[in-house]
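In: Sequence and predicted structure are below.
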Amino acid sequence: MNSLNTYLIISAFLFSIGLVGVLQRRNLIGMLISVELMLNGANLNFMAFNRFLTPEPVVGQIIALAIMGLAAAEAAIGLSIILALYRKMHSINIEQAQRLKG
Amino acid sequence: MDAIFKDPVLLATVVGTSLPFLSMAVILIFTRHNPMLSSRISVTSIVVAAVCALLNLAKVAGASHPFRFETAWMSSGNFHLTFGYYLDPLSALMLTIVAVIACLVQIYSLGYMSGDPGYSRYYAFQSLFAWAMMNMVIASTLLQLFIFWELVGLASYMLIGFYYEKFSASQAGKKAFVMTRVGDVGFFLGIIILTLGFGNLGIPDLNNAPGTGTITTGFITMAALLVFCGVVGKSAQFPLITWLPDAMEGPTPVSALLHSATMVAAGVYVFSRIFPFFAASPNAMLIALAIGTVTMLLASTMAMTTYDLKQVWAYSTVSQLGMMVMSLAAGGYFAGVFHLTTHAGFKALLFLCSGIFIHEYHTNDMRVIGKQGGRKQLVPMICITVGALALSGVPPFSGFFSKEAILGALNAQANPIWLFAGLFGAFLTAYYSFRLIFHLLFPKGGIEEKHAVHEMDSHGHKEEHHGGLFWAMAVPVMILACVTVVLGFAEHSLQGYIMAGGGAVKHASTAATGGAAHGVVGHELLVILGISAGLVGIILAWFEYGRKGASRNGFLSYFPPVWKLFDARWYMDAFFRWFLDTAIYSGLTSIFTRNDRRIIDGGIDGICFFTETGGRLFSFMQSGMLQYNLLIMVLVAGLAMLFFIV
């Protein structure tokens, strides 16, 4: 049970859920949460590889920390974009934001 | 740096030829708003330059060989470009002429330009002009000479267009610049050809080249003719005559400088500078002789119809330059240089005298000046007559000696037509000069009384003219008049001076004149012919303009078409206009315009049209839905992954 494969499967599962969420949800905040899920899936991968294959240099953990920082920044930017969009459109539905339509 | 202080000649050269530039820089940067200080700086520097030039003149006389200071400027393989000074008797003499005339003109300008709003600017440009010309004179290579040659052109452009708010002045400046540039293209091509074919642009090396047999006569002819193009442009030879009469738009002292020692003298100077090189090609010499003759006669005829004081002298400059070119092309090296020297003196004198009249009466028309009592101005009237006598070649004035020398050189030519052309030119010169003098002295209908009253009324005004400012103008004029009277007697010492150093020059000169042993006419007869050509011209002018009851119309007025032809400058300007309109504007430039409109503009428009239409056509693919784009991205990434894994 406590093997590399288990973690890889869990992380692939997380990533897929995130991907489907991003592609399917029409709510912008939902899309943002899904992106976070995808990032966490990737994070889990790094941690698992670090733990099972090369435990001594803690590169995987450092990268995981970096990704967490990145995710926080991305969330901040994403939320501010969503706020700006809301001020213009009075909605956070992605279907309303189609001005670039040809 | 030490070498400069060890050698007095080099020190004098460096100081003398760089001070005017420094003064220009100081005036333009610091003292623009202090005209008094600007003029003092400029005059001081040019006086120092003149003293240095005189020192060099004396030093070169005592030296056994020419002074040559050079440093490498750039080198590539076997080809070296050097920069430096080359002081031989010719350049030392020319340097002195330039510095002294520029000095006198600047002192004169203290009076003439006083109160002008552009006083500082004027002195800055004057310094630039003197600096460029002096450096051109002592340049050791043809390329260095060309650089300063162009700077001379620039300075004269700025000075001709000095009253830039006047449309005609800025047009005249432009015309002078562009027309001389036409010749300079040829000059530059000549330099390139010399670089390619001979590989050395040093002036003494060029002069010794024909003797060594390293280059063929055909090559010399081509290079000499191309360089001669520059001479034609700068010295206003046929067919690029017409810029010089228009250059009268500048202040009169500028004309005096431009016509005597700088700018137009540059062309003749270059011709004499590489004279042995020219002399090695009989064909080039013949073409130069023909061009000089045509120029001299055309310009003389033009001078016979104009009433503008300065324009008469401008045409006479062109014709005298033509005469110098004739003389050089006929092998009369010393005669040409000597005429250049004397001409610098008396032409500056004539212009400066005219400047006093113009300053006093505010008109250029000789009839109006005469009517308003021009002859009462004793100093300029006497001096202008001295100048005109010298110009007409009347002994004992300097022009007589140099003109005789030129006629002697022409006399040595096998074909007598050149000599007759020279004599005819001398006759025309005397005629139009004294046409002007008699217009001033004996105006039609006498002096108007009105002006005398006016003079009494504005007594205070008149006194102002005879204050310090008047003498600032009168003293240089009187100095020049004295020089004009005595310079002719220095012919033999000057000849010894000029011919002393130049073995190549002497050889080339005797070769070109064909020995000069026998002439078309004897020596005594030639002197008599020369004097009588001038005197007949003066007498004819007296008969038509001077004596009591003279018609004051001139014999040309009986032939209106001829008068019109001369007055319109042989329709040369009209021809240039027509040539520009048909060949350049509607021919060449219209093709370029079409290329610009159709190909360049059209090409860019086509690209824009293609992009825009393409965008419109494919815009249906864009739904504007973020998630569809994302989906495609994911699909493509997945497919790429599959491709790489499998």
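Out: Received it, and whenever you're ready, just let me know what you need.

In: What residues does chain A have near chain B?
Out: A:19, A:22-24, A:26, A:94-95, A:97-102 (C-beta under 8 Å from any C-beta of the partner chain). Backbone N, C-alpha and C define where each C-beta goes, glycine included.

In: would you list every one of the strands in chain B?
Out: Listed from the start of the chain, chain B has strands (DSSP state E) covering B:67-76, B:79-87.

In: Tell me which of these sits nearest to residue B:247.
Out: Ranking the strands of chain B by distance to residue B:247, with C-beta to C-beta as the measure, places strand B:79-87 first at 29.3 Å.

In: Could you list the low-confidence segments of chain B?
Out: B:1-4, B:445-468, B:500-520 (pLDDT under 70).

In: tell me the residue furthest from the middle of it?
Out: Relative to the centre of chain B, the most outlying C-alpha is that of residue B:646, 84.8 Å out, by C-alpha atoms, centre = their mean.

In: still on that earlier bit, between the strands of chain B, which one is closest to residue B:117.
Out: Distance to residue B:117, taken as C-beta to C-beta, is lowest for strand B:79-87 among those, at 37.7 Å.

In: ranking the strands of chain B by burial, who's on top?
Out: Comparing the strands of chain B by mean neighbour count (mean count of other C-beta atoms under 10 Å in any protein chain shown), strand B:79-87 ranks first with a mean of 19.

In: Might you report the residue contacts of the closest residue to residue B:228 other than its chain neighbours?
Out: Take residue B:228 and drop its neighbours on the chain: the residue closest to it by C-beta to C-beta, 6 or more residues apart in numbering or on different chains is residue B:288, 5.8 Å away. Contacts were defined as C-beta atoms under 8 Å, 6 or more residues apart in numbering or on different chains; by that measure residue B:288 touches B:228, B:231, B:271, B:278, B:325, B:328, B:329.

In: near chain A, which residues of chain B?
Out: B:618-627, B:630-631, B:634.

In: roughly how far apart are the residue nearest to residue B:228 and residue B:272?
Out: Residue B:288 sits 12 Å away from residue B:272, going by C-beta to C-beta, to the nearest Å.

In: picking that back up, would you turn the strands of chain B into TSV with distance to residue B:610?
Out: Putting those into TSV (distance: least, C-beta to C-beta, whole Å) gives the following:
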stretch	distance to residue B:610
strand B:67-76	47
strand B:79-87	50
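
In: Quick one: closest of those to residue B:16.
Out: For residue B:16, the closest of the strands of chain B is strand B:79-87, at 10.6 Å, according to C-beta to C-beta.

In: That closest one packs against which elements?
Out: Taking 3 or more C-beta pairs under 8 Å, 6 or more residues apart in numbering or on different chains; DSSP states H and E as the contact definition, the neighbouring helices and strands of strand B:79-87 are helix B:8-29, strand B:67-76, helix B:142-160.

In: hey, which of these is tucked in deepest?
Out: Scoring these by mean neighbour count under mean count of other C-beta under 10 Å gives helix B:142-160 as the most buried, with a mean of 23.

In: Which single residue in the stretch 351-500 of chain B comes nearest to chain A?
Out: Closest contact between the stretch 351-500 of chain B and chain A, by C-beta to the nearest C-beta, is at residue B:364 (74.1 Å).

In: which residues does that residue contact?
Out: When contacts are counted by C-beta under 8 Å, 6+ apart, residue B:364 is found next to B:248, B:308, B:309, B:310, B:311, B:358.

In: show me the contacts for the last one.
Out: So the one you mean is residue B:358. Neighbours of residue B:358 in contact, by C-beta under 8 Å, 6+ apart: B:252, B:309, B:310, B:364, B:369.

In: Ok, the fifth one next?
Out: Residue B:311 makes contact with B:245, B:248, B:303, B:364, according to C-beta under 8 Å, 6+ apart.

In: quick one on the thing from earlier: okay if I get the contacts of residue B:364 as CSV plus distance to residue B:238?
Out: Converted to CSV, these look like this (distance: C-beta to C-beta, whole Å):
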residue, distance to residue B:238
B:248, 19
B:308, 21
B:309, 24
B:310, 21
B:311, 18
B:358, 29
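
In: Take these and keep only those in helices.
Out: Counting by DSSP state H, the part of those found in helices is B:309, B:310, B:311, B:358.

In: nearest to residue B:499, of the helices and strands packed on strand B:79-87?
Out: When the helices and strands packed on strand B:79-87 are compared by C-beta to C-beta, strand B:67-76 sits nearest residue B:499, at 17.6 Å.

In: orientation of that closest one relative to helix B:142-160 in degrees?
Out: Interaxial angle, strand B:67-76 versus helix B:142-160 (axes from the mean of the first three to the mean of the last three C-alpha atoms, to 10 degrees): 100 degrees.

In: Buried only: go through the residues of chain A next to chain B for me.
Out: Of all those considered here, the ones buried according to neighbour count by 16 or more other C-beta atoms under 10 Å in any protein chain shown are A:19, A:22, A:23, A:94, A:97.

In: who does the longest helix along chain A touch, helix- and strand-wise?
Out: In terms of residue count, the longest helix belonging to chain A (DSSP H) is helix A:59-89. Here helix A:59-89 touches helix A:28-52, going by 3+ C-beta pairs under 8 Å, 6+ apart.

In: Just the residues contacting the helix it packs on, thanks.
Out: Contact with helix A:28-52 is made by A:3-4, A:7-8, A:10-22, A:25, A:58-61, A:63-64, A:67-68, A:70-71, A:74-75, A:78-79, A:82, A:85, A:92-94, as judged by C-beta under 8 Å, 6+ apart.

In: before we move on, what about stretch B:209-229?
Out: Contacting residues not belonging to stretch B:209-229 are listed as B:142, B:183-187, B:189-191, B:193-194, B:197-198, B:200, B:270-271, B:274, B:276-281, B:283-284, B:287-288, B:291, B:504, B:507-508 [C-beta under 8 Å, 6+ apart].

In: Pull out the buried members of the residues you listed.
Out: When neighbours are counted using 16+ other C-beta under 10 Å, the contacts of stretch B:209-229 contain these buried positions: B:142, B:183-184, B:186-187, B:189-191, B:194, B:198, B:200, B:270-271, B:274, B:276-281, B:284, B:287-288, B:291, B:504, B:508.
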